[in-house]
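[1] No letters, just coordinates:
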């Protein structure tokens, strides 16, 4: 999937942080205020290890970029999503006077750990890490902590280490709330509640070892729990906890098998009306399973706005997907790194929620939006997709073959070599009466009219070649 980077480059000359909705909303709760105060000493220590002097500005000397950072991405360079993240991060950081070296792990957690270890032996000043395995970097990142090198956890939170300085991601709890509010509206749950009606719902979420999935689930349940408690919503499978609804590694194939078993065990003779998933890949696989089970009207949610999901919406299918623009995420991360190395403090959105098992991580969150069949055009308008990339696939309908008109032929007797003489019996035959001359022969049958054949053919051919 190739997206339009030209728009991004045009916009990169200005700071898009506040416009994109990232880091701009500070939580005002007392818990977060207290947590922020507890972090003050650590912030001062962290921020004091960076910077470029009293001016706080990055500069290039002798044509060289002033700083160097290392960026670690989980997939390979051929992956369209992560290759675009690399391009955006590199561009944004270079414009801030920072040299970014990007390393791809090809989904190999051990390789990523070795890459980090090797970079710690170079004069790198910050690490940006999108982990392959969030739990596999505890040991190697101890070296970053010992060297006072800041770690920016990107897209997924690195767990079980106190070396993480900042986390840059979307607010998954808020996204879960938005998805649930959409379900309340589209499925008219308030009206159903008042009329004592019932809707069925099931959940298929991502990997249980990813904290972001738990935040999403909690956000959804904060809105839907009252409807589950009073019976307006029913989970016939009984899978109503995060552990029961999560799919290891977010594997779409496994999610599909799980859904097929749920339908077999719990929905014989009953229609599943709502399926809440936390990823478009899972949603796409689920649609196949639902189709195989002849369930056509299930409202399916997803996250990611993948092309196939948008094509499905463009074709008129019900559902919603969360648009989390990775361009915005990359720009936000680059801005945070630039601010930090300039001696400034990045603007933090959340001081309280994101616990990586060792400490609360200062988090910079970005806003997300919902996309459905009524507003997917905005993805074309903002350059995320081209019109051709998300055009719905045309359904090929077989055209009925025209019914051939059969001409009825009467076989002619073969002429004999010598015609037999016809005996003259006129003298023996009585003259015909007037009644006999007007009467029809009793052996004559009505032949079918040609118009009747066309009328019969039209019943099967339909109007203008369409099916009747």
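    That came through fine. As the structure is a prediction and not an experimental result, all values here were calculated from the model. Residues are numbered from 1 along each chain as shown.

[2] any idea which residue sits dead centre in the chain?
    Note on the chain: the residue nearest the mean C-alpha position is residue 280, at 2.9 Å, using CA atoms, centre = their mean.

[3] Who are the contact partners of it?
    302, 303, 304, 305, 306, 308, 309, 321 (CB atoms under 8 Å, 6 or more residues apart in numbering). Yep, even glycine has a C-beta here, placed from its N, CA and C like the rest.

[4] Equivalent analysis for residue 373, please.
    Contact analysis of residue 373 by CB under 8 Å, 6+ apart lists 313, 314, 316, 317, 318, 319.

[5] what does residue 301 give?
    179, 182, 183, 275, 276, 277, 283, 319, 320, 321.

[6] Let's see that with 10 Å instead.
    Going by CB atoms under 10 Å, 6 or more residues apart in numbering, residue 301 touches 179-180, 182-183, 186, 203-204, 220, 274-280, 283, 309, 319-322, 370, 372.

[7] ok, now residue 175?
    Taking CB under 10 Å, 6+ apart, we find residue 175 in contact with 212, 215-216, 219-220, 278, 303, 322, 324, 365, 367-370.

[8] For the residue lying closest to residue 313 once chain neighbours are set aside, report the pLDDT, please.
    Leaving out its chain neighbours, the residue that sits closest to residue 313 by CB to CB, 6 or more residues apart in numbering is residue 373, at 4.2 Å. We note a pLDDT of 91 for residue 373 in this prediction.

[9] and which of the contacts of residue 373 is nearest to residue 297?
    Using CB to CB, residue 318 comes nearest to residue 297 of these, at 7.3 Å.

[10] Show me where the stretch 251-400 of the chain has its helices.
    252-266, 280-292, 307-314, 326-341, 378-381 (DSSP state H, counting those that start in this stretch).

[11] buried set for the lengthiest helix in the chain?
    Identified as the longest helix of the chain according to DSSP state H is helix 211-229. By 16 or more other CB atoms under 10 Å, the buried positions in helix 211-229 come out as 211-217, 219-221, 223-224, 227.

[12] Quick one: name whatever helix or strand follows that helix.
    Counting by DSSP states H and E, the next helix or strand C-terminal to helix 211-229 is strand 233-234.

[13] low-scoring stretches of the stretch 51-200 of the chain, by residue?
    Within the stretch 51-200 of the chain, the stretches with pLDDT under 70 are 51-64.

[14] who's in contact with residue 250?
    Shown in contact with residue 250 (CB under 10 Å, 6+ apart): 204, 205, 206, 207, 208, 210, 213, 277, 278, 279, 281, 282.

[15] Using pLDDT, spot the least trustworthy of the residues you listed.
    residue 210 (91).

[16] Surely it is in contact with residue 157?
    Yes - assessed by CB atoms under 10 Å, residue 210 is found in contact with residue 157 at 8.3 Å.

[17] Determine the residues that are contacts of both of those two.
    Contact with both residue 210 and residue 157 is made by residues residue 134, according to CB under 10 Å, 6+ apart.

[18] Tell me which two in the contacts of residue 250 are the farthest apart.
    208 and 281 (16.8 Å).

[19] Tell me how many other residues surround the spatially closest residue to residue 134 that is not a sequence neighbour.
    Nearest non-adjacent residue to residue 134, counting by CB to CB, 6+ apart: residue 159, 4.5 Å away. By the other CB atoms under 10 Å criterion, the neighbourhood of residue 159 contains 22 residues.

[20] now residue 159: how far from residue 172?
    15 Å (CB to CB, to the nearest Å).

[21] Dump the buried residues of helix 211-229 to JSON lines, plus distance to residue 68.
    Compiled in JSON lines, those are given as follows (distance: CB to CB, whole Å):
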{"residue": "211", "distance to residue 68": "30"}
{"residue": "212", "distance to residue 68": "29"}
{"residue": "213", "distance to residue 68": "34"}
{"residue": "214", "distance to residue 68": "35"}
{"residue": "215", "distance to residue 68": "33"}
{"residue": "216", "distance to residue 68": "35"}
{"residue": "217", "distance to residue 68": "39"}
{"residue": "219", "distance to residue 68": "38"}
{"residue": "220", "distance to residue 68": "41"}
{"residue": "221", "distance to residue 68": "44"}
{"residue": "223", "distance to residue 68": "45"}
{"residue": "224", "distance to residue 68": "47"}
{"residue": "227", "distance to residue 68": "52"}
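
[22] Check these and tell me the two furthest apart.
    Maximum pairwise distance among those (CB to CB): 25.7 Å, between 211 and 227.

[23] quick revisit: would you check that the residue nearest to residue 134 makes contact with residue 136?
    Yes - contact criterion CB under 10 Å: residue 159 and residue 136 qualify, at 9.0 Å.

[24] now the closest residue in space to residue 386 that isn't next to it in sequence: how far from residue 328?
    Leaving aside its sequence neighbours, residue 386 sits nearest to residue 380 (CB to CB, 6+ apart; 6.9 Å). Distance of residue 380 to residue 328, computed by CB to CB: 17 Å.

[25] neighbour-wise, which of these two wins?
    The residue with more neighbours, out of residue 380 and residue 328, is residue 328; 22 against 17, by other CB under 10 Å.

[26] could you measure the more buried one against residue 334, distance?
    11 Å.

[27] Residue 216 too?
    Distance of residue 216 to residue 334, given as CB to CB: 25 Å.

[28] cool, and residue 198?
    As for residue 198, its distance to residue 334 is 49 Å (criterion: CB to CB).
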